[in-house]
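Asker: Build me a model from this:
(one chain, ligands or ions: 3)
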Amino acid sequence: MSESRRYHVTTFGCQMNKADSERMAGILEAMGMQWEEDPLQADVVLYNTCSIRDSAEQKVYSYLGKQAKRKRKNPNLTLVVAGCVAQQEGEQLLRRVPELDLVMGPQYANQLESLLAQVDQGNQVVATDPVHIMEDITKPRRDSEVTAWVNVIYGCNERCTYCVVPGVRGLEQSRTPAAIRAEMVELGEQGYTEVTLLGQNIDAYGRDLPGITAEGRRENTLTDLLYTIHDVPGIERIRFATSHPRYFTERLVQACAELPKVCEHFHIPFQSGNNDVLKAMGRGYTREKYQRIIDTVRRYVPDASISADVIVAFPGETEAQFQDTLSLMEDIVFDMVNTAAYSPRPGTPAAEWANQLDEVTKQDRLQRINQLVNQQAEVRSRRYLGRTETVLVEAANPKDPTQVMGRTRGNRLTFFPGDIRELKGKIVPVTIQEIRAFSLTGVPCLVTA
Ligand code: SAH
Ligand code: SF4
Ligand code: F3S
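Answerer: Ligands and ions are numbered 1, 2, ... in the order given. Here you go, the predicted structure:
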């Protein structure tokens, strides 16, 4: 046998893509390949792509240009485009970059090995037809030894008018509670401490699974799942994302308040603070409902961290409607908000509308909202000053090797002096002495028995 092939994976986009990349890397390793850090040295190059905004998509094309050039000199190079741009563009990608060997949608992540076998037979392969996502038998190559992603539901059945996700990720498919628990048990045995349950609309978990309780309630909701997996040995922290305000339930908040391993952090995108814009977005809730959800969260879990996503300059958004978004933020005061200017996406309704806003307005609103996001994050960080928070240590501080870094239960990045060899994966009480908008610094608090 010749020397083993070397592979490289670059990942764009959300946590779902990161989780898929870890699985695909696991498959490549099981096939005997070895990781290569430099994409220009690898024999198999895989780009796991994102098409949520145009900027994310354009990045891929510029990377692909370089690889196509390499391929013309080195026909043994295997070029793969996976993920959401692959699904969206399909065969058009082959026309645009004829050097590609394989174009595969997110639903095919588990099938990388058999797709590569078809490539080895000399085919150019496009795999984008909707399929049932099978339970994975290969082991992901996870980036972290401390925290792990666990998919619970794939796809999205919503129809937000700006969003490509339903088109590229397909219909909702929930994994069974038994499969999710089994994966977590194994993670616990391997020494993982934290698990983040993933779904684009995680509140939809279980809708496609059978089961009704004796009281006539649907079984297998996200709340039921939390109770099912909560006692997995070794896993000390459980997170979940992303919550959709349309389906968010009080029962879920109660479970979070009741179950000690579930962290006090809620990621609930609101997208806009104006009811007409929310309606045009097809979000299915009002500003008032969103506020009631946050009230409920704060009633049960007063110290909860609350983060969200928001889009500014949606088609037709007036200055007054944008002000409503700012005022919703003033009412709530978020720990963190991901902001984006609206980007028209192929195949989505809003992209066809005539009332698109200009680039100057987009950038202006983005800047103004980002200012508020930073301000609020700092205000929220202040509550930690002088407090002792438990921090799960993930890695050394890349800027200062005498420090380690990890996250509080509320998901604030925290630095403190310590040796990573000793502390990795440990949960350490840390007294917070310094705060910044998005991170904290402290000293370990020595607990005397
Ligand atoms: N499922 C989640 C989010 C999925 S996409 C939800 O329903 O909230 C992540 C974020 O990207 C979205 O919350 C939204 O804020 C942003 N986004 C999605 N489509 C976008 C578009 N066309 N332009 C700008 N931002 C977009
Ligand atoms: Fe996109 Fe809406 Fe589905 Fe979120 S809920 S992934 S924004 S369609
Ligand atoms: Fe991007 Fe696909 Fe995630 S479009 S945000 S990688 S679901």
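Asker: Nearest spatial neighbour of Glu219, chain-adjacent residues omitted?
Answerer: Nearest non-adjacent residue to Glu219, counting by C-beta to C-beta, 6 or more residues apart in numbering: Gly211, 3.5 Å away. For every residue, glycine as well, the C-beta is placed using N, CA and C.
Asker: what about the closest residue to ligand 3 within the stretch 251-400 of the chain, how many residues close to it?
Answerer: Of all residues in the stretch 251-400 of the chain, Arg345 sits closest to ligand 3, at 8.9 Å by C-beta to the nearest ligand atom. Using other C-beta atoms under 10 Å, Arg345 has 21 other residues around it.
Asker: which one is it nearest to, not counting chain neighbours?
Answerer: Closest residue to Arg345 apart from its sequence neighbours, by C-beta to C-beta, 6+ apart: Val164 at 4.8 Å.
Asker: And that neighbour, how close does it get to Asn411?
Answerer: Look at Val164 and Asn411: by C-beta to C-beta, to the nearest Å, they are 26 Å apart.
Asker: Between these two, tell me which one has more neighbours.
Answerer: More crowded of Val164 and Asn411, by other C-beta under 10 Å: Val164, with 23 against 17.
Asker: Surely the more buried one and Gly347 touch.
Answerer: Yes: look at Val164 against Gly347 with C-beta atoms under 8 Å: they come within range, at 6.8 Å.
Asker: what is in contact with these two at once?
Answerer: Counting by C-beta atoms under 8 Å, 6 or more residues apart in numbering, the contacts common to Val164 and Gly347 are Gln88.
Asker: can you tell me the average pLDDT over the host helix or strand of Gln254?
Answerer: Gln254 belongs to helix 250-258 when assigned by DSSP states H and E. Averaged across helix 250-258, pLDDT comes to 97.
Asker: packing partners for that helix?
Answerer: With contacts taken as 3 or more C-beta pairs under 8 Å, 6 or more residues apart in numbering; DSSP states H and E, helix 250-258 sits against helix 222-229, helix 287-300.
Asker: What are the buried residues along the first one?
Answerer: Burial within helix 222-229, assessed by neighbour count using 16 or more other C-beta atoms under 10 Å, is assigned to 222-226, 229.
Asker: Show me what secondary structure element comes after it.
Answerer: Where DSSP H and E defines the elements, the next helix or strand beyond helix 222-229 is strand 237-241.
Asker: cool, the longest one as well?
Answerer: Downstream of helix 287-300, the first helix or strand assigned by DSSP H and E is strand 305-312.
Asker: which residues touch that following strand?
Answerer: Contacts of strand 305-312 (C-beta under 8 Å, 6+ apart): 162, 242, 264-272, 281, 294, 297, 322, 325, 329, 332, 334-342, 362, 365-366, 369, 380, 410-412.
Asker: helices or strands next to the next helix or strand after that strand in the packing?
Answerer: Remark: after strand 305-312, the chain's next helix or strand is helix 319-332, criterion DSSP H and E. The contact analysis (3+ C-beta pairs under 8 Å, 6+ apart) places helix 319-332 against helix 275-281, helix 287-300, strand 305-312, helix 359-382.
Asker: ok, helix 319-332 near ligand 1 or not?
Answerer: No: figure legend: helix 319-332 not in contact with ligand 1 (C-beta under 6 Å from any ligand atom); closest approach 11.7 Å.
Asker: Just the residues contacting that helix, thanks.
Answerer: Applying C-beta under 8 Å, 6+ apart, the external contacts of helix 319-332 come out as 270, 272-274, 276-277, 287, 290-291, 294, 306, 310, 312-313, 337, 365, 368-369, 372-373, 376.
Asker: next one: stretch 99-106
Answerer: By C-beta under 8 Å, 6+ apart, the list of residues contacting stretch 99-106 from outside reads 16-17, 20, 64, 67-68, 71-72, 78-84, 86-87, 89-91, 93-94, 111-112, 115-116, 119, 124-128, 154, 168-170.
Asker: model confidence over whatever helix or strand comes next after the helix holding Gln254, on average?
Answerer: The helix or strand immediately downstream of helix 250-258 is strand 265-267, counting by DSSP H and E. When pLDDT is averaged along strand 265-267, the result is 98.
Asker: One more: stretch 53-65?
Answerer: 92.
Asker: Same check on stretch 162-180?
Answerer: For stretch 162-180, the mean pLDDT works out to 96.
Asker: Assign a three-state SS to Arg421, would you?
Answerer: helix (DSSP: H, G, I helix; E, B strand; the rest coil).
Asker: For it, grab the count of nearby residues.
Answerer: Residues contacting Arg421 under the criterion other C-beta under 10 Å number 8.
Asker: can you list the residues of the stretch 101-250 of the chain near ligand 2?
Answerer: When proximity is defined as C-beta under 6 Å from any ligand atom, the stretch 101-250 of the chain approaches ligand 2 at 156, 158, 160, 163, 165-166, 200-201, 244.
Asker: And those, which two are furthest apart?
Answerer: Pro166 and His244 (12.5 Å; C-beta to C-beta).
Asker: anything in contact with each of these two?
Answerer: Shared contacts of Pro166 and His244, defined by C-beta under 8 Å, 6+ apart, comprise Glu158.
Asker: can you pull the contacts of Thr249?
Answerer: 203, 221, 223.
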